[in-house]
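>>> compute the structure for the input listed below.
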Amino acid sequence: MMPREQTGASLARVKRAVRGAAARALTPEPAQTISEWADQNRMLTTRSSPEPGLWRTSRTPYLKAIMDALSPSDRCEMVILMCGAQLGKTEAGNNWIGYTIHRAPGPFMAVQPTVEMAKRNSKQKIAPLIEDCPALRSLVKESRSRDSGNTVLSKEFPGGILVMTGANSAKGLRSMSARYLFLDEVDGYPGDAEGEGEPCDLAITRTANFAKRKILITSTPVLSGRSRIERYFLTSDQNHFYVPCPHCGEYQELAPENFHYPPMNPSAAYFTCVGCNRELHDHMKNAILPLGEWRPHAAYDGRVRGFYLPSFYSPVGWLSWGAIGTKHAESEGDPIKRQVYHNVVLGLPWADQGEAPDEDRLFERSEDYTLGEVPEGGLVLTAGVDVQKQRLEVEVVAWGRRRISWSVDYRVFQGDTTQPQVWKQLEALLDSEFSTSYGQPLRIERCAIDSGFQPLTVYDFARTMLPTRVMVIKGNNASSALLNHPSLIEHGPHGQRLKAGVRVWPVNVSIGKEQLYRWLKLSMPDLEAGEEWPVGFCHFPMYSKEYFEQLCSEQLITRTLRGIRRTVWEKRRDRNEALDCRIYAMAAAASLRLEVWTEDKWADRQASLTIVRNPKPQVSAVKARVGQTAVPKFTSFKANDSFSED
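From the prediction side, this is the model:
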């Protein structure tokens with residue numbers, strides 16, 4: 001039995017610990033941000049940085065918002081950083097670790113792809129972080145002490161502990177609960193942690209008990225469809241960094257389509273301004289980066305912030321545009337080097353963009369569901385309309401959770417598109433009801449119509465429809481996203497003033513094609529083994545081969561245009577209406593912000609369609625309700641149909 005005096009001493013230590021914990025809990029969160037702390041306290045030496053001295057956030061101004069979102073004063077709880085190389089992302093994470101040890105102590109877990117990488121990172125990054133920073137050196141005991149709490153993978157400090165582990169260690173991932181979690185290079189994690197589950201999910205679960213948790217997830221992406229960082233980024237507000245042109249002042253992204261170099265001298269690479277078309281050179285980054293600003297491309301829910309940053313923004317003296325131009329030139333014709341360039345420089349997942357999806361594989365995997373009926377899982381209907389001289393082509397697409405889609409029907413309305421008859425058929429389709437597996441029917445919620453061929457006719461039709469249901473679109477590959485903000489068009493293509501203006505939405509069809517082709521290359525899951533349909537998977541009914549050949553009719557190739565090597569989309573065959581219609585239906589879905597719908601919103605939509613009691617017989621697959629105008633039964637890809645060229 002323990003002596004009474006020892007028992008009393010133990011109780012006293014427990015009471016002191018409880019009082020200390022209570023005092024820390026009542027202490028207000030520090031107002032100082034992480035970037036401010038780093039500018040005052042973070043020391044870099046030659047063993048950890050090529051630029052020794054006091055940390056300067058002004059050297060990498062794009063990191064300020066990322067670090068500050070991790071500060072206790074910011075309500076954000078998860079930060080996603082999808083980026084290229086040589087941008088300072090690892091040091092930003094280390095600043096967060098240093099700040100936590102010094103100013104906001106708590107249990108902290110940092111995860112690398114493997115345990116060995118965690119050990120190497122601890123020795124090469126974390127040890128210098130602590131030893132070279134006077135504010136931290138006194139808070140973490142020397143590792144020489146037998147009971148110091150300082151080992152390669154564990155650093156104790158007053159009020160907290162830093163544990164480092166690898167994503168390949170299930171034991172390490174479940175070793176502790178953590179208020180702070182740093183998941184670094186997540187696209188390098190194994191698919192399963194020793195049979196216990198997905199590593200990121202295991203680690204994030206360990207933060208569930210902390211109301212004020214902070215999670216940082218970073219990576220250079222690898223393969224689309226399997227990229228964790230891409231998946232997390234798509235759940236965020238998707239910030240992109242915009243900088244002003246030093247000539248005209250217009251803010252823009254440093255986007256690949258505006259990056260050029262002379263064919264015989266790639267080291268002379270430069271950007272062209274989207275506003276004034278003048279050249280921007282590498283040394284100008286010193287002037288434009290400090291003026292840059294993050295702009296979201298999706299709605300912000302107050303919880304998850306995402307940042308995308310290619311290596312074009314690397315500061316002067318790090319990775320130059322000339323070096324990037326050389327890397328691009330060296331990757332020409334080499335798929336392996338091209339993937340490395342795509343991942344490491346552009347900071348984007350690779351999906352073999354140079355090759356179109358295999359139409360034979362898509363044709364063979366088509367599913368036996370009824371045309372005109374919405375399969376289970378489809379909860380929102382959009383449509384894309386391609387306008388030709390003698391016909392309208394329309395695809396109706398159902399969307400569900402996780403951007404999974406089903407082609408519900410494909411219609412061709414024959415007739416002169418300058419005349420009202422063919423447009424009445426489209427109007428009838430838009431007013432039709434499509435039966436669902438839930439009981440209640442669905443109508444097309446939004447329809448996107450391309451105005452590139454018959455703009456005035458499209459404008460006239462759109463003005464007769466509700467703008468919330470019909471949107472006019474026009475291709476614009478200078479746009480920074482698939483769908484950008486609309487502009488009010490008050491004059492026709494020949495300068496004539498329109499009776500009433502119409503809003504036209506710019507659609508970057510190149511971005512749409514890249515996204516769609518990534519989805520089309522996804523493999524079917526093993527449903528019997530419990531695998532889920534991957535994010536963005538596209539389902540198709542038993543259309544004819546013609547549909548899939550049109551859907552896969554284009555590919556990315558590199559051509560020299562006006563002395564500059566550029567990557568462009570090129571047709572492999574004449575007919576591509578199916579591809580265009582699907583891109584337009586995707587634009588309509590983007591206008592509804594389906595990618596940021598919460599699970600509660602999807603559940604509400606499903607509940608609104610579900611008949612619980614006294615179910616009525618299902619309505620017919622498609623039922624017209626506009627006067628006496630009937631929707632033709634013709635579905636263009638129901639069999640091997642023949643087509644006449646315009």
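>>> if we ignore the residues flanking it in sequence, what's nearest residue 575?
residue 550 (5.2 Å; C-beta to C-beta, 6 or more residues apart in numbering). Quick note: C-beta positions are derived from backbone N, CA and C, even for glycine.
>>> list the contacts for that neighbour?
Residues in contact with residue 550 (C-beta atoms under 8 Å, 6 or more residues apart in numbering) are 573, 575-579.
>>> repeat that for residue 84.
With the criterion set at C-beta under 8 Å, 6+ apart, residue 84 makes contact with 220, 309-312, 314, 343-347.
>>> relative to residue 280, which of those is nearest.
Distance to residue 280, by C-beta to C-beta, is smallest for residue 312 among the contacts of residue 84, at 10.2 Å.
>>> contacts only, for the closest one.
84, 254, 259, 271, 321, 324, 345.
>>> of these, closest to residue 510?
After measuring these against residue 510 - C-beta to C-beta - the closest member comes out as residue 259, at 14.3 Å.
>>> can you get me a residue count around the closest residue to the closest one other than its chain neighbours?
In space, and not counting its chain neighbours, residue 259 is closest to residue 271: 5.7 Å by C-beta to C-beta, 6+ apart. If you count neighbours by other C-beta atoms under 10 Å, residue 271 ends up with 23.
>>> which residues touch the residue nearest in space to the middle of the chain?
With distances taken as C-alpha atoms, centre = their mean, residue 234 lies nearest the centre of the chain, 3.3 Å away. By C-beta under 8 Å, 6+ apart, the residues touching residue 234 are 306, 403, 535, 595.
>>> wait, the third one sits on residue 401?
In other words, residue 535. No. In this structure, residue 535 is not within contact of residue 401 by C-beta atoms under 8 Å, at 9.2 Å.
>>> how near is the residue nearest to residue 259 to residue 321?
7 Å (C-beta to C-beta, to the nearest Å).
>>> common neighbours of these two, please.
259, 312.
>>> can you map out the strands along the stretch 301-450 of the chain?
Along the stretch 301-450 of the chain, counting by DSSP state E, counting those that start in this stretch, strands occupy 304-309, 380-387, 391-399, 405-414, 433-434, 444-450.
>>> pipe those into JSON lines and attach mean neighbour count, distance to residue 63 and mean pLDDT per row.
As requested, the strands of the stretch 301-450 of the chain are exported to JSON lines (neighbours: other C-beta atoms under 10 Å; distance: least, C-beta to C-beta, whole Å; pLDDT from 0 to 100):
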{"stretch": "strand 304-309", "mean neighbour count": "24", "distance to residue 63": "9", "mean pLDDT": "96"}
{"stretch": "strand 380-387", "mean neighbour count": "25", "distance to residue 63": "37", "mean pLDDT": "95"}
{"stretch": "strand 391-399", "mean neighbour count": "24", "distance to residue 63": "35", "mean pLDDT": "96"}
{"stretch": "strand 405-414", "mean neighbour count": "24", "distance to residue 63": "36", "mean pLDDT": "95"}
{"stretch": "strand 433-434", "mean neighbour count": "20", "distance to residue 63": "48", "mean pLDDT": "94"}
{"stretch": "strand 444-450", "mean neighbour count": "23", "distance to residue 63": "37", "mean pLDDT": "94"}
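>>> I'd like those strands as TSV, with distance to residue 475 appended.
Below are the strands of the stretch 301-450 of the chain laid out as TSV (distance: least, C-beta to C-beta, whole Å):
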stretch	distance to residue 475
strand 304-309	23
strand 380-387	11
strand 391-399	16
strand 405-414	21
strand 433-434	28
strand 444-450	7
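>>> re earlier: confidence score at the residue nearest to the centre of the chain?
Looking at residue 234, its pLDDT reads 86.
>>> measure how buried residue 284 is and give me the count.
Residue 284 has 18 nearby residues by other C-beta under 10 Å.
>>> and the residue nearest to it when sequence neighbours are not counted, helix, strand or coil?
Sequence neighbours aside, residue 246 is the residue nearest to residue 284 in space, at 5.2 Å (criterion: C-beta to C-beta, 6+ apart). The three-state assignment at residue 246 reads coil, by DSSP: H, G, I helix; E, B strand; the rest coil.
>>> so residue 246 touches residue 288, yeah?
Yes. Using C-beta under 8 Å, residue 246 is in contact with residue 288, at 6.0 Å.
>>> name the residues contacting each of these two.
Common neighbours of residue 246 and residue 288 (C-beta under 8 Å, 6+ apart) are residue 280.
>>> residue 527: which of the contacts of residue 312 is nearest?
Out of the contacts of residue 312, the member with the shortest distance to residue 527 (by C-beta to C-beta) is residue 84, at 36.0 Å.
>>> what number of residues lie near the residue lying closest to that closest one once chain neighbours are set aside?
Excluding the flanking residues, the one nearest residue 84 by C-beta to C-beta, 6+ apart is residue 311, at 3.4 Å. Neighbour count of residue 311, defined by other C-beta under 10 Å: 23.
>>> residue contacts, residue 311?
83-87, 319, 324, 344-347.
>>> could you identify which of the contacts of residue 234 has the most neighbours?
Counting neighbours by other C-beta under 10 Å, residue 306 comes out on top of these with 24 neighbours.
>>> separation between it and residue 289?
20 Å.
>>> in what helix or strand does residue 201 lie?
According to DSSP states H and E, residue 201 maps onto helix 199-205.
>>> need the contact partners of the helix or strand just after that helix.
Per DSSP H and E, helix 199-205 leads on to strand 214-219 as the next helix or strand towards the C-terminus. Strand 214-219 is contacted by residues 70, 72, 77-83, 89-90, 93, 96, 179-188, 200, 204, 207, 227-229, 232 when judged by C-beta under 8 Å, 6+ apart.
>>> so strand 214-219 versus strand 304-309, what angle?
30 degrees (axes from the mean of the first three to the mean of the last three C-alpha atoms, to 10 degrees).
>>> name the strands paired with strand 214-219 and say parallel or antiparallel.
strand 78-83 (parallel), strand 180-183 (parallel) (DSSP bridges).
>>> sorry, back to before: out of the contacts of residue 84, which is nearest to residue 168?
Using C-beta to C-beta, the contacts of residue 84 come closest to residue 168 at residue 220, 18.7 Å.
>>> count the neighbours of the closest one for me.
So residue 220, with other C-beta under 10 Å, has 25 neighbours.
>>> can you pick the most crowded of the contacts of residue 311?
Going by other C-beta under 10 Å, residue 324 tops the contacts of residue 311 with 27 neighbours.
>>> so that one touches residue 345, yeah?
Yes. Proximity of residue 324 to residue 345 meets the contact threshold set by C-beta under 8 Å, at 5.6 Å.
>>> and for residue 53, the neighbour number?
So residue 53, with other C-beta under 10 Å, has 10 neighbours.
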